[in-house]
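Asker: Task: produce atomic coordinates for the following.
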Amino acid sequence: MPASVRDILLVIKTKEDAQRTLGAISNAMRKASAQADIASSRARAAALRAQASQARINGATVAQVHALNQAAKAQDEHTRSIERAQKRVGTFHQSLERIGSLAQTTGLVMVGLGAATLYGLKQATDVAVAWDKQVRLTYTQVDKRLKPSLLELSSIGLRVAKDVAVPFEEIQTALFDVFSSTEATMPQAEKLLRSFSKAAVAGNTDITTASRATIGIMNAFKVPFKDVNKILDIQFQLVQEGVGTYEEWAQRIGLVTPSAVRAGQSIETMAAALATSTRMGISAARSATAVSRAFDAMSNPKVEAKLTKIGVAVRDAKGNFRPLVDVITDWRKALEKLPTRDRIKSILDTLKGAGSTIEARRFLQGVLLTKGGLELFQDQIKEFATDKGAFQRAYDEMSKSVSAKTQLLNNAWMTLKLTLGNALLPTFSRFIDVLQRAVSWFNSLPKSTQETIARVALFAAGLLIVGGILTAIIGSLVAFAAAIAMAGTATLPVIGAILGVGAAIAIVVAAFTALIAGIVTAYQRSQNFRDMLAAIWAAFVALGGIVRDFATGLWSNFSTYILPALQNLWKVIEEDVIPAVRDFFTWWTANIAPMIKEAARQVNENLKQTFLTRQ
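Answerer: Take a look at the predicted model:
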């Protein structure tokens, strides 16, 4: 909440506390005054009855005694009337307090709602401005032959945000990467963005990591856009078969891709090699380095020549690189013909001169010499060739989580704010234009006129401050006077003080009147002063027109844009959030509640046995 709103609420709260205190004082004074009057009336009634008894003893006439008794009864009635009046005044005072409290609470609620609305409108405008900026930045990367509109680019992101539980603020950044790194058309860009978003949800990572890793693989292996899900499927197979998270592999796989392409290997072979390396105990980070260096070594002409000498063909009859698993299988057969002690030396001699052989050997020696290493690599090749659907399975599972449903709700909320902000942007833009014109108008005025306006503004500010202070003082004194009037005769001793305060008020009012008279005189005698006031009045009239246009435009935009967005938000709540909550409570009732009940029963049974044992 803005500081100014908090200050207003603090002032209202302080005023409410002061009024409550003043009311309590007034109530106490009124009760004391009434009790004093009641005691006095009862004392007079008792005195009259005593006087009647004495008169009877002294031989007074019946009429005289009756008159004294009637006077005593009159005092009793007066006492009862005072009590009834006190009760009525008390009831009236309570009613006023309730009305005042209700009014103050209503005022606080209205101020709070107004402040919250303004704050929400500001947030909506901020979201719209940020989104518009990112959309325009994405537009700079679009091939101009496509000629899309900003609205089309924005709609792509909004459609994906509605369906896929990826953070709203990451979507346009990923779309920027798509257009900056590919030659995709608008439909292809939306398909890529949707797939990358699902990969981010399935892999529990950000969309930028998922998109850049996948785009790098697709560009390196020249994979068409329509096969993006196949690439993602291989990535998630790697997560399933290897040791490492999707985020770890997404950050590392780009190091391996160029080497695999140079060695003429397929994506499946690359992924199988990485999975095999991690299963042999090498971390995902080190495996990426080891496999990439192994690919580099196998594509090195020196290594190719040495392997050819020992009967291992690196290329096929057409001159293309053979699959790495086939080359390693033949190489292992050649090594098995050597004594065990000479096999490592043979590998070192073969890789000598290829560069970075230490890292390459981490993978190659494990597959060539470790028991079951080659068989593991072969099994991984088969897995990646036959087992499909890992990406979709991972997404289906993660998209059902409460976190994903919460993110979809947040996306719907952000879309609502964006819609509201977009509705406000034209009016906001016009308001900025008006302010710019006003500033330009002021800057173009003669210096003497600018100085005059500045002095008048300073004078007006001081006048507002003084007027506010006077209003507060007068209001407080009026409230205190009302309390005094409510208190009754018990406050007569303070009347003199009130008169003194009244004199002070008279002096202040006189000074205020003199100030107004000075303004009137300046208006009558100074043409410049009148022209300045006329210019200020014209500015306020123009501002009134702006406010009217703003209100009209706001209502029109609300009816056109915001109501459909609210309906979409409710649709998300009804279709996704409410079923999720219902499923949770169903699961709780079916699974957790019986367990708790059984645990409580067992605890009670154990306690019962304990008590019986100790008796």
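
Asker: Neighbours of residue 204, how many?
Answerer: By other CB atoms under 10 Å, 13 other residues sit near residue 204. For the C-beta atoms, the positions are set from N, CA and C on the backbone; glycine is no exception.

Asker: One more: residue 379?
Answerer: Quick note: residue 379 (other CB under 10 Å) scores 16 neighbours.

Asker: May I ask which helix or strand encompasses it?
Answerer: Per DSSP states H and E: residue 379 is located in helix 373-386.

Asker: Let me know the next secondary structure element after that helix.
Answerer: Following helix 373-386 toward the C-terminus (DSSP H and E): helix 390-398.

Asker: Show which residues not belonging to stretch 119-130 make contact with it.
Answerer: With CB atoms under 8 Å, 6 or more residues apart in numbering as the test, stretch 119-130 has contacts from 1, 2, 169, 414, 417, 418, 420, 421, 422, 424, 425, 428.

Asker: In PyMOL, how would I select the buried members of these?
Answerer: A single PyMOL command selects the buried members of the contacts of stretch 119-130 (16 or more other CB atoms under 10 Å):
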select buried, resi 414+417+418+420+421+422+424+425+428
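
Asker: by how many degrees do the helix holding residue 379 and helix 390-398 diverge?
Answerer: Orientation check (axes from the mean of the first three to the mean of the last three CA atoms, to 10 degrees): helix 373-386 against helix 390-398 gives 70 degrees.

Asker: Could I have the CA atoms of helix 373-386 written out in PDB?
Answerer: Extracted in PDB, the C-alpha atoms of helix 373-386 (Å, rounded to 0.1, in the frame of the first residue of the first chain):
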ATOM      1  CA  GLY A 373      30.600 -51.400 -20.800                       C
ATOM      2  CA  LEU A 374      30.000 -52.100 -24.500                       C
ATOM      3  CA  GLU A 375      26.900 -54.100 -23.800                       C
ATOM      4  CA  LEU A 376      25.500 -51.200 -21.800                       C
ATOM      5  CA  PHE A 377      26.200 -48.900 -24.700                       C
ATOM      6  CA  GLN A 378      24.500 -51.300 -27.100                       C
ATOM      7  CA  ASP A 379      21.500 -51.600 -24.800                       C
ATOM      8  CA  GLN A 380      21.200 -47.800 -24.600                       C
ATOM      9  CA  ILE A 381      21.200 -47.600 -28.400                       C
ATOM     10  CA  LYS A 382      18.300 -50.000 -28.600                       C
ATOM     11  CA  GLU A 383      16.400 -48.100 -25.800                       C
ATOM     12  CA  PHE A 384      16.700 -44.800 -27.600                       C
ATOM     13  CA  ALA A 385      15.700 -46.400 -30.900                       C
ATOM     14  CA  THR A 386      12.600 -48.200 -29.600                       C
END
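
Asker: biggest helix in the protein by residues?
Answerer: helix 62-139 (DSSP state H).

Asker: Just checking, which helix or strand succeeds that helix along the chain?
Answerer: Using DSSP H and E, the next helix or strand after helix 62-139 towards the C-terminus is helix 150-163.

Asker: buried ones in that following helix?
Answerer: 153, 154, 156, 157, 158, 160, 161.

Asker: Now do the same for stretch 343-359: mean pLDDT, whole number.
Answerer: What stretch 343-359 shows for mean pLDDT is 86.

Asker: what's the span of that stretch, first residue to last?
Answerer: Using CA to CA, to the nearest Å, the end-to-end distance of stretch 343-359 comes to 18 Å.

Asker: What lies in contact with that stretch?
Answerer: 289-290, 293-294, 296-297, 300, 302-303, 306-307, 310, 335, 338, 360-361, 364-365, 368-369.

Asker: ok, of the residues you listed, which come out buried?
Answerer: 289-290, 293-294, 296-297, 300, 303, 306-307, 335, 360-361, 364-365, 368-369.

Asker: confidence score at the closest residue to residue 44 other than its chain neighbours?
Answerer: Take residue 44 and drop its neighbours on the chain: the residue closest to it by CB to CB, 6 or more residues apart in numbering is residue 75, 4.9 Å away. Per-residue pLDDT puts residue 75 at 82.

Asker: so residue 75 makes contact with residue 40?
Answerer: No - counting by CB atoms under 8 Å, residue 75 stays clear of residue 40, with 9.3 Å between them.

Asker: neighbour count winner among the two?
Answerer: Set residue 75 next to residue 40 and count neighbours by other CB under 10 Å: residue 75 wins out with 20 against 14.

Asker: Residue 153 contacts residue 137, correct?
Answerer: No - contact criterion CB under 8 Å: residue 153 and residue 137 do not qualify, at 10.1 Å.

Asker: about what we covered before: hmm, who's touching the helix holding residue 379?
Answerer: Here helix 373-386 has contacts from 234, 237, 241, 268-269, 271-273, 275-276, 279-280, 323, 325, 328-329, 332, 366-368, using CB under 8 Å, 6+ apart.
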